[in-house]
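Structure of the sequence below:
(2 chains)
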Amino acid sequence: MADANTKFLVVDDFSTMRRIVRNLLKELGYTNVEEAEDGVEGLSKLESGDFDFVVSDWNMPNMDGLAMLQKIREDSKLSKVPVLMVTAEAKKENIIAAAQAGANGYVVKPFTAATLDEKLSKIFEKLG
Amino acid sequence: MSIMQEEVATNLYFDRIFDTQAAKIGPGEYYYTDQDMLIVTVLGSCISACIRDPKAGIGGMNHFMLPQGATADLDSPISESMRYGNYAMEVLINQLMRNGAKRENLEAKIFGGGNVLRSFKTNVVGDRNAAFVKKYLQDEGIAITSEDLLDVFPRKVYYFPKTGKVMVKKIKQVNNYTLVKREEAYSSKLETNEVAGDIDLF
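Okay, the predicted model is just below:
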């Protein structure tokens, strides 16, 4: 596990899903978690807070996860923040689009704490 | 181990009684449309949520139950049940929103959760499914405009997403066990399949 103080931003338009992700993270020992309900709110929280990690849904109103990811990568201040996409879409073209936009990982719902842990570990490992 | 995924129903037919195109959905399936048509399903202890945006003129129906995991901690927000139920609801709602529905306009009618499966260890399968869908919709702020839940009878549900009209027929005389068998097969599939999706591209 990385630093327990790692600050997460969970972006999802479903409050039930935000609660699930928050609790999965808690299960893995991460308790420094904030939430946003779409890409617009996500970006504004990212710009004003020092987040270490973003876990984002894809399908959201206003600004979806992919658009938010692209904006993060374009922003010199945020471009290095790791982003894990969490989505109900298992389509190959979505996965490719996420990878091309600079996602650090991709998890398909409904996933387990073990899968999330594995994805996070992999990303932390690569970041060194 | 394969991945449990909600599938779009493929069983389309012309319904002579209602004189309209119809889609029949089974356990683990969903269907949505902006056409003037009918969506039909038969429910035992499973739940169907009929969700529509009356302004955008699009609606759909799902059909699912929560996994009966022996170790499932029902009150835990990260139990298998919660994660799968959440997923089954989200897949339908996402499709509606992607096709023009607005979250704030959504209204839901919910059916099923009859305790019809005698072979389940406890007789609360329907109760659990019903409680889940009500809490989910409340938490997500989606209005429940009609419901017919619980009891011990299977139901046939006819949903017209364009108008939001629903007709429910309680099946008091079950002539064969097709429905019970189908739900049991679905239930055991949920138990033997890992409730997890994972793609290992990167």
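
Beta-bridge partners for the residue in chain A that chain B sits nearest to, please?
Scanning chain A for the residue nearest chain B gives A:Val108, at 3.1 Å (criterion: CB to the nearest CB). For glycine as for every other residue, the C-beta is placed from the backbone atoms N, C-alpha and C. For A:Val108, the beta-bridge partners are A:Thr87 (DSSP bridges).

Can you read off the pLDDT for it?
Per-residue confidence (pLDDT) for A:Val108: 86.

try the one 10 residues further on
Here, the pLDDT recorded for A:Glu118 equals 89.

Could you do A:Thr16 as well?
pLDDT at A:Thr16 comes out at 89.

my guess is it contacts B:Ala88, does it?
No: shown here, A:Thr16 and B:Ala88 do not form a contact pair, counting by CB atoms under 8 Å, at 11.6 Å.

For these two, indicate the residue with more neighbours.
B:Ala88 (26 against 20; other CB atoms under 10 Å in any protein chain shown).

Quick one: end-to-end distance for stretch B:94-104.
Length of stretch B:94-104, first residue to last, CA to CA, to the nearest Å: 13 Å.

And it, what's buried?
Judged by neighbour count using 16 or more other CB atoms under 10 Å in any protein chain shown, the buried positions of stretch B:94-104 are B:Asn94, B:Gln95, B:Leu96, B:Met97, B:Ala101, B:Arg103.

Need these in CSV (columns: pLDDT and distance to chain A).
Formatted as CSV, the buried residues of stretch B:94-104 follow (pLDDT from 0 to 100; distance: CB to the nearest CB, whole Å):
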residue, pLDDT, distance to chain A
B:Asn94, 91, 4
B:Gln95, 90, 9
B:Leu96, 94, 11
B:Met97, 91, 7
B:Ala101, 94, 10
B:Arg103, 90, 6
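
can you tell me which of these are in helices?
Per DSSP state H, helices hold the following members of those: B:Asn94, B:Gln95, B:Leu96, B:Met97.

Could you pull up the contacting residues of the second one?
The neighbours of B:Gln95, taking CB atoms under 8 Å, 6 or more residues apart in numbering or on different chains as the test, are B:Tyr30, B:Tyr32, B:Gly60.

And B:Asp151, by the same measure?
Contacts of B:Asp151 by CB under 8 Å, 6+ apart are B:Gly114, B:Asn115, B:Lys170.

Using the three-state scheme, assign the most centrally placed residue in chain A.
By CA atoms, centre = their mean, chain A has its centre lying nearest to A:Val55, at 1.5 Å. Classification of A:Val55 using DSSP: H, G, I helix; E, B strand; the rest coil returns strand.

thought A:Asp13 was touching A:Met63?
No: look at A:Asp13 against A:Met63 with CB under 8 Å: they stay out of range, at 10.5 Å.
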